[in-house]
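[1] pasting the sequence and the predicted coordinates here, then a few questions.
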Amino acid sequence: MERVNIAGGEHPTASAGMTPTRRRFLVGASVVAGMVALPGLSWAQDKPRQGGKLRYGMNDGSQQDTLDPASWATVMTGFAFNGSLCNNLVELLPDGSLAGDLAESWAGEEGATRWTFILRKGVKFHDGRPLTPEDVRQSLLHHMGEGSTSGALAIVKQIKQIDKQGDEKVIFTLAEGNADFPSLMSDYHLSIFPAKEGGGIDWQSGIGTGAFKLESFEPGIAVRLKRNPDYHKPGLPHFDEVEVVNISDATARLNALMTGEVDVIEDLDIRNVALVERNPRLKIVRTPSLRHLTFDMNCSVAPYDNPAVRKALKLAIDRDDIIAKVFLGEAKKGNDNPAASIMPFYAETPPQHAYDPDAAKAILKEAGLDGVTVDLSVAETAFPGAVDAAVLFKEHAAKAGITVNIVQEADDGYWDNVWLKKPFNASDWYGRVTLDWLLATSYTSDAPWNNTGFKKPGFDALVKSARAEMDQAKRAKTYAEAQQMLHDEGGVITVAFVSWRLAMTTDIGHAALGGILPADNHRGAERWWRTDA
């Protein structure tokens, strides 16, 4: 029997048999069961101060946003709710390592099919109720069951049973071994809410265990929060108040920062970087990430159900041109593999899909197609520069005999009405802590966010096999096969990998910024402070 004991708040080394592979850089003490560590983190040097208000301008709030954690799909809900109102069993630290949050320690045994989490003592919900194992159990069950459409479905479907033991232990029994299970508990949907008598959770009240209490919530407009004086992390949070406002238009968002209406804005347009850098009151914070920007083709819808069309479109886009003109060089070229090169188990997937309109035209001709016409749905909220990238793609594809009709969708409602619905659309993926998590969330046949409609039993079998494999060399080989299959046959056109780029006033202080999730792994409200407080 193998046990893995990890104390909360430390940076442990994975135990024998669970040590992640060497790929691109050495993954060791800063990684838990295959988690990614991010280099080049952003730093500020001033010391934390208490008080003041944080005003954050987001770009993706939706009128469909709710307090129900199963439905969260925007940065606004992730930052305001998961990162401010609530906590998970575990937390992603800025360097990508895992630390205890509501759990102070955990242990895996029986081939990583059984995981025991010991809860932190003294944690209270905002209404004074103590945290119990039943709260954790019901919070996970909320995402499970027949008909669930939760964004965490790929995670919770692995759970066969959840048991309680005493006042502090929660025991998960999995259908099959998963060495990465503790890291999955950091998923932002898996926030812990108070259990109701008779089952279920009370998410409607907005009562959590987090650093802030809910003052008001207007879906798609604003969230207002007030400091929790009884927070279980000593000295946190620093702000007295937090206001998160949705400003979808990039120009309006920048104006709000320039005029002092907000302190921080998400996704600064690359064309405005120089303007911000010239302002002595403002700064830009770049954080390396797993984020990748894509044009996604639904493999189950014509003409994208034809492998020849998918291959031709991958060769009909000049990524170098887009990176130079749209991202001004601040991006890394993609190759239709969603895994970032800094992730454990990343594999190179040859050949590089370089721009080759003649080859694209030949592929279509061989398939009996005399040109193809496609409709590409885009909006600036999909990712900064998405519309300009689509315009360039249209020009590139024309040389291959492919007509790309650009459908410019409304920013408001894009993630509700276009993503997962229109067959060819621009998307913005934040990556996941582990490769299994990334693939199971977005690319397996039953993935809840399968925007490409990629359904291939052979691919599903590879992902399932790698998940339970304890031999790291075999695991790496299996993941490499899966990535190659996506590259060759999948529906994702990975345009580029980019860093997070925040613009903020110099009055906002911060230490290391995490880059796995946006806004300091959603924890900016808890971790940052005002230097003028």
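    Perfect, I can see it now. Residues are numbered from 1 along each chain as shown.

[2] got a list of what the residue sitting nearest the centre point of the chain touches?
    The residue lying closest to the centre of the chain (C-alpha atoms, centre = their mean) is residue 430, at 3.7 Å. Neighbour list for residue 430: 289-291, 516-518 [criterion: C-beta atoms under 8 Å, 6 or more residues apart in numbering]. To be clear about C-beta, it is placed using only N, CA and C from the backbone, and glycine gets the same treatment.

[3] retrieve the pLDDT associated with residue 7.
    Note on residue 7: pLDDT of 34.

[4] so which bits of stretch 235-245 are buried?
    Using 16 or more other C-beta atoms under 10 Å as the test for burial, stretch 235-245 gives 236-245.

[5] follow-up on the earlier one: may I ask which two of the contacts of residue 430 are separated the most?
    Within the contacts of residue 430, two members stand farthest from each other by C-beta to C-beta: 290 and 518, at 10.8 Å.

[6] end to end on stretch 511-526, go ahead and measure it.
    Start to finish, the residues bounding stretch 511-526 are 12 Å apart (C-alpha to C-alpha, to the nearest Å).

[7] what pLDDT, on average, does it get?
    The pLDDT scores in stretch 511-526 average 94.

[8] ok, residues contacting the helix or strand hosting residue 374?
    Element membership for residue 374, per DSSP states H and E: strand 372-378. When contacts are defined by C-beta under 8 Å, 6+ apart, strand 372-378 is touched by residues 295, 303-304, 309, 312-313, 364, 386-387, 389-390, 393-394, 401-409, 418, 422-426.

[9] model confidence over the next helix or strand after it, on average?
    The C-terminal neighbour of strand 372-378 among helices and strands, as given by DSSP H and E, is helix 386-398. Averaging pLDDT along helix 386-398 yields 98.

[10] need the next SSE after helix 386-398, C-terminal direction.
    strand 402-408.

[11] put the alpha carbons of stretch 289-306 into CSV.
    Below are the C-alpha coordinates for stretch 289-306, written out as CSV (Å, rounded to 0.1, in the frame of the first residue of the first chain):
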residue,chain,number,x,y,z
SER,A,289,0.5,31.0,-18.4
LEU,A,290,-1.0,28.0,-20.0
ARG,A,291,-3.4,30.2,-21.9
HIS,A,292,-4.0,29.4,-25.5
LEU,A,293,-6.1,31.2,-28.2
THR,A,294,-7.9,29.1,-30.7
PHE,A,295,-10.3,28.8,-33.6
ASP,A,296,-12.4,25.7,-32.9
MET,A,297,-14.1,23.5,-35.5
ASN,A,298,-16.9,21.2,-34.5
CYS,A,299,-15.9,17.8,-35.9
SER,A,300,-19.5,16.6,-35.9
VAL,A,301,-20.8,19.4,-38.1
ALA,A,302,-20.3,19.8,-41.9
PRO,A,303,-18.0,20.7,-43.4
TYR,A,304,-15.7,20.2,-40.4
ASP,A,305,-16.7,16.5,-40.1
ASN,A,306,-14.5,16.0,-43.1
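
[12] in it, what's buried?
    289-299, 303-304, 306.

[13] need the residues you listed in JSON lines (columns: secondary structure, distance to residue 123 and pLDDT).
    Shown next, in JSON lines, are the buried residues of stretch 289-306 (DSSP: H, G, I helix; E, B strand; the rest coil; distance: C-beta to C-beta, whole Å; pLDDT from 0 to 100):
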{"residue": "289", "secondary structure": "coil", "distance to residue 123": "30", "pLDDT": "92"}
{"residue": "290", "secondary structure": "coil", "distance to residue 123": "30", "pLDDT": "94"}
{"residue": "291", "secondary structure": "coil", "distance to residue 123": "32", "pLDDT": "95"}
{"residue": "292", "secondary structure": "strand", "distance to residue 123": "35", "pLDDT": "97"}
{"residue": "293", "secondary structure": "strand", "distance to residue 123": "38", "pLDDT": "98"}
{"residue": "294", "secondary structure": "strand", "distance to residue 123": "39", "pLDDT": "99"}
{"residue": "295", "secondary structure": "strand", "distance to residue 123": "44", "pLDDT": "99"}
{"residue": "296", "secondary structure": "strand", "distance to residue 123": "40", "pLDDT": "99"}
{"residue": "297", "secondary structure": "strand", "distance to residue 123": "45", "pLDDT": "99"}
{"residue": "298", "secondary structure": "coil", "distance to residue 123": "43", "pLDDT": "99"}
{"residue": "299", "secondary structure": "coil", "distance to residue 123": "45", "pLDDT": "99"}
{"residue": "303", "secondary structure": "coil", "distance to residue 123": "53", "pLDDT": "98"}
{"residue": "304", "secondary structure": "coil", "distance to residue 123": "48", "pLDDT": "99"}
{"residue": "306", "secondary structure": "coil", "distance to residue 123": "54", "pLDDT": "98"}
